[in-house]
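Participant: have a look; sequence and predicted model below, questions after that.
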Amino acid sequence: MGRPSNPIISKERVVRAALEVLDDKGIEGLTVQLVARKLGVKAPSLYYHFKGKSEMLEEIARTIQVEAIIPNLRTEGDWREQLIELAVAVRASIMRHPKAAPLLLRFFPRHLMLQYYEFWVNRYDIPPARRMLVIEGVEKLTYGSALMGAMSRATGIPPMPDFDETEFPYMAEAMKASSLNDDEVFVETLKVFLYAC
């Protein structure tokens, strides 16, 4: 079906409505028809902005990332602390939409947000050969943590199973020794990684 000549609604409104449907129904339950119904329009109206569901899903993935962008990003100061602040914001944004989290395995963050990666890689005061290690490490720590946490929320399966402490004494000891919650563990893990670079 061709796109209408004039938009009836804004692209941002379509994406917000689609994200609400996705939060409720999941990726498989999201349809163009449900989004249109939520907006009070007919499905063909959405084709002004999107050719189909795949384009809509890509824009939802981008929106989740953009929600995490820190508005008062500084160009001076400790880039490691600022990168931790950004990673925490990205993780929180993903966790707000647990059923949408798998989209980030389909629409890779680097593909959606390359201009932000360019901004950050220029700030790293380390040899160029190590900069990709920072990108890889922070990305995998952030998205790995967010995806596991989001899937735990979406499915109700706890990240750590119940276990017999006598059978797994070292795991029990490690868990008892840590007083940090999930968010604090994430920040401390990032610090260990970044300050070792």
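Facilitator: Cool, got the structure.

Participant: contacts, neighbours, all on C-alpha from now
Facilitator: Noted.

Participant: okay, Leu112: pLDDT?
Facilitator: pLDDT recorded at Leu112 is 90.

Participant: and the closest residue in space to it that isn't next to it in sequence, what element?
Facilitator: Distances taken as C-alpha to C-alpha, 6 or more residues apart in numbering put Arg62 closest to Leu112, at 6.0 Å, once the chain neighbours are dropped. If you go by DSSP states H and E, Arg62 is part of helix 53-66.

Participant: what's the distance between the residue of the chain most remote from its centre and Arg13?
Facilitator: Largest separation from the mean C-alpha position in the chain: Thr166, at 37.2 Å (C-alpha atoms, centre = their mean). Distance of Thr166 to Arg13, computed by C-alpha to C-alpha, to the nearest Å: 54 Å.

Participant: what stretches of the protein score poorly on pLDDT?
Facilitator: Along the chain, the parts satisfying pLDDT under 70 run over 1-7, 69-75.

Participant: contacts for whichever helix or strand Asp24 is part of next, please.
Facilitator: Asp24 is part of helix 11-25 when elements are defined by DSSP H and E. Residues outside helix 11-25 that contact it (C-alpha atoms under 8 Å, 6 or more residues apart in numbering) are 29-30, 34-35, 38-39, 46, 49, 56, 59-60, 63, 97-100.

Participant: buried set for the helix ranked longest in the chain?
Facilitator: Ranked by residue count under DSSP state H, the longest helix found in the chain is helix 128-155. Across helix 128-155, burial judged by 16 or more other C-alpha atoms under 10 Å covers 131, 134, 138, 141-143, 145-154.
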